[in-house]
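> Sequence and predicted structure, then a few things I'm wondering about:
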Amino acid sequence: MCRSDTLILQSAPSAPRLAREFVTAHVQADLAGTEALSTARLVVSELVTNAVNASEHRLEVDIDLHRRCLVLGVTDDGPGAPRQQDLAPLQPQGRGLLIVDALSRRWGTVPHRRGKRVWAELDVPEEESRVCQLPPTDATGTPQ
């Protein structure tokens, strides 16, 4: 893995903003001015918003940046796994995982000791990358 970091947050309305700032601070030097940075900020915001809705206490946001991908993970203490929903066109919420699915290479959920970890793997086009080599990942998106 080239670079990774973790942020612990309280499950609160400010958590998505804090997660976006965390992602920006930790990958901006490598992805500044790229579509990959904007995508990462949107995806982490959606993942954290879902976690805030499911969780009671704390969240953990982790970033694993590699040469050609960025893995974002959010661990919460809420029960169950998130799932995409069939929505009416004018329904005001519930599209977060549709956005994550559309913007990520792949995403998934794995059980965690007190809840779950939802992760998304984003492409970093080689021409935008200024970081090291991509390691292999396991079925959960976790670098090996």
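Received the coordinates, thanks. Please read all numbers here as calculations on a predicted model, not as lab measurements.
> list the buried ones in the helix or strand hosting Val43?
Under the criterion of DSSP states H and E, Val43 resides in helix 35-54. Of the residues in helix 35-54, those with enough neighbours to count as buried (16 or more other C-beta atoms under 10 Å) are 36-37, 39-52, 54. Using the backbone N, CA and C atoms, a C-beta is placed for each residue, glycine as well.
> contacts for whatever helix or strand comes next after that helix?
Past helix 35-54, heading to the C-terminal end, the next element that is a helix or strand (DSSP H and E) is strand 58-65. Judged by C-beta atoms under 8 Å, 6 or more residues apart in numbering, the contacts made with strand 58-65 from elsewhere in the structure are 1-11, 15, 19, 22-23, 26-27, 30, 44, 48, 51-52, 70-77, 124, 131, 142-143.
> Please save the CA atoms from the helix or strand of the chain with the lowest mean pLDDT in PDB.
Confidence across the helices and strands of the chain bottoms out at helix 96-103, with a mean of 86, counting by mean pLDDT, DSSP states H and E. What follows is helix 96-103, C-alpha atoms only, in PDB (Å, rounded to 0.1, in the frame of the first residue of the first chain):
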ATOM      1  CA  GLY A  96     -26.400   7.400  -2.000                       C
ATOM      2  CA  LEU A  97     -25.500   3.800  -3.000                       C
ATOM      3  CA  LEU A  98     -26.700   4.400  -6.600                       C
ATOM      4  CA  ILE A  99     -24.200   7.200  -6.700                       C
ATOM      5  CA  VAL A 100     -21.400   5.100  -5.100                       C
ATOM      6  CA  ASP A 101     -22.200   2.300  -7.600                       C
ATOM      7  CA  ALA A 102     -22.000   4.600 -10.600                       C
ATOM      8  CA  LEU A 103     -18.800   6.300  -9.600                       C
END
